[in-house]
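J.: A predicted structure for the sequence below; I have some questions about it.
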Amino acid sequence: MSAAHSHAHSHDHGHSHGFGHHHHDHTPKIENLNSAFIIGIVLNSAFVIIEVIMGFITHSLSLLTDAGHNLSDVAGLALALLAFKLTKVSSNDKYTYGYKRSTIMVSFFNAVILFASVGFIAYEAIMRFMHPEPIAGGTMAWVALIGIVINGVTAWLFVKGKDSDLNVKGAYLHMASDAVVSLGVVISGLIIYFTNWYWIDSAVSLIIAITILLGTWSLLRDSLRLEMDGVPKEMNVEKIKEELMKAKGVVDVHHMHVWALSTTENALTAHLVISPENLSIFDSIKHDLRHRLQHLDINHSTFEPEFADEKCEDQDC
């Protein structure tokens, strides 16, 4: 490694996290989300209590399974709120990125909780199919109607932020699917009320389980990808590389890594191949690239210069 190269390398790291210029803030505002999560937690907790009480009174499995599912939503909302709080904790010697990654762990954990609740619902529904019990369909429909309102309002709170963060998307998906689930319970309650076909309750429970499963699959897949330091779903590595190549003085890009620091922040490191005469403007090249990357939703970037006339020793180049 030449002296100029090592100087450039150390020089680079002195500036490597100066991404304060032109700050494009793509992350959802924590304050708005804070109240959305708290309102959601309070509303849904109250509803879980109502559903459990009424589920036992009416002998409705749909209400009890829905209560279990709503309880997992309350846990999910509380975890997501906690994760957002943790992202605000500043970095320290042991956690140099702070606790940002907790948001990824929480979104993964949420998906796992949902899968577990699906298994429980399906098992109970199959048991009930074999031994149907009389159910007060009218009461069941009224309780579920309250559920549509509560879940609908909560889902609406997360509509704005759902595309900017995996946890908000998770909360939105949970609530929107819950509103659909409650609608199913209303319909089955009315059918039972008019026909006494008690098996409908189990059938609806199974449909609820499948609905949750389908909605959760993408959440599990996306959070697992981030957990494994995969490239976030909405990122295109080729497009990012093209953008880096547009900067003046960049001949090629090697050894590029893109990963998620949290469910809202992404990072990149890359070796930039530059011609030796452009070394003096390396700072302005980096400045230009950071600006370009922020438009692609990458907030943290670190670059190392490599010269066009030397071979990169690293095999990954």
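T.: That came through, no problem. Numbers count the residues shown, from 1 in each chain.

J.: please count neighbours and contacts with C-alpha atoms only from this point.
T.: Fine.

J.: measure stretch 271-287 end to end?
T.: Across stretch 271-287, the terminal residues are separated by 15 Å (CA to CA, to the nearest Å).

J.: show me what counts as buried in that stretch.
T.: For stretch 271-287, the neighbour count (16 or more other CA atoms under 10 Å) marks 271-275, 279, 282-283, 285-287 as buried.

J.: for those, work out which two are farthest apart.
T.: The span of the buried residues of stretch 271-287, defined through CA to CA, is set by Ser275 and His287 at 17.4 Å.

J.: and the strands in the stretch 101-250 of the chain?
T.: With strands called from DSSP state E, counting those that start in this stretch, the stretch 101-250 of the chain shows them at 250-260.

J.: mind listing the helices for it?
T.: Along the stretch 101-250 of the chain, the stretches classed as helices by DSSP state H, counting those that start in this stretch are 102-130, 137-158, 166-195, 199-227, 237-245.

J.: can you tell me the closest non-neighbouring residue to the residue most central in space within the chain?
T.: Nearest residue to the geometric centre of the chain (CA atoms, centre = their mean): Leu166, 1.6 Å. Leaving aside its chain neighbours, Leu166 sits nearest to Thr263 (5.5 Å; criterion: CA to CA, 6 or more residues apart in numbering).

J.: SS state for that neighbour?
T.: Classification of Thr263 using DSSP: H, G, I helix; E, B strand; the rest coil returns coil.

J.: would you confirm that Leu71 contacts Ser45?
T.: Yes - the pair Leu71 / Ser45 is scored as a contact, 7.1 Å apart, by CA atoms under 8 Å.

J.: and the residue nearest to the centre of the chain, how far from Phe129?
T.: To Phe129, Leu166 is 36 Å away according to CA to CA.

J.: can you check Leu226 too?
T.: Using CA to CA, we find Leu226 at a distance of 40 Å from Phe129.

J.: show me which of the two is the more surrounded one.
T.: Leu226 (22 against 15; other CA atoms under 10 Å).

J.: that one against Trp259, yeah?
T.: Yes - assessed by CA under 8 Å, Leu226 is found in contact with Trp259 at 7.2 Å.

J.: who touches both of those two?
T.: Shared contacts of Leu226 and Trp259 (CA atoms under 8 Å, 6 or more residues apart in numbering): Pro232.

J.: mean confidence for whichever strand or helix holds Leu77?
T.: Per DSSP states H and E: Leu77 is located in helix 61-87. Averaged over helix 61-87, pLDDT sits at 80.

J.: returning to what we had before: state the pLDDT value of the residue nearest to the centre of the chain.
T.: 75.

J.: do the same with His13
T.: If you check His13, the pLDDT there is 41.

J.: low pLDDT regions in the stretch 1-150 of the chain?
T.: Counting by pLDDT under 70, the ranges of the stretch 1-150 of the chain that qualify are 1-32.

J.: ok, now which ones touch the residue lying closest to Asp163 once chain neighbours are set aside?
T.: Excluding the flanking residues, the one nearest Asp163 by CA to CA, 6+ apart is Lys169, at 6.4 Å. Residues counted as contacts of Lys169 (CA under 8 Å, 6+ apart) are 158, 161-163.

J.: looking at the residues you listed, spot the one nearest Val237.
T.: Of all those, Asp163 has the smallest distance to Val237: 19.6 Å, by CA to CA.

J.: count the residues that sit near that closest one.
T.: Other residues close to Asp163 by other CA under 10 Å number 15.

J.: again, but for Glu234
T.: By the criterion of other CA under 10 Å, Glu234 has 8 neighbours.

J.: same thing with the one 10 residues further on?
T.: By other CA under 10 Å, the residues close to Leu244 number 23.

J.: could you number the chain from 53 rather than 1 from now on?
T.: Taking 53 as the first residue, the last one we looked at is Leu296.

J.: what's it in contact with, if anything?
T.: Counting by CA under 8 Å, 6+ apart, Leu296 touches 302, 305, 341, 344.

J.: and which of these is nearest Leu242?
T.: Arg344 (56.5 Å).

J.: which residues are in contact with His208?
T.: To be clear, residue 208 is Trp; His isn't right here. Neighbouring residues of Trp208 by CA under 8 Å, 6+ apart: Tyr224.
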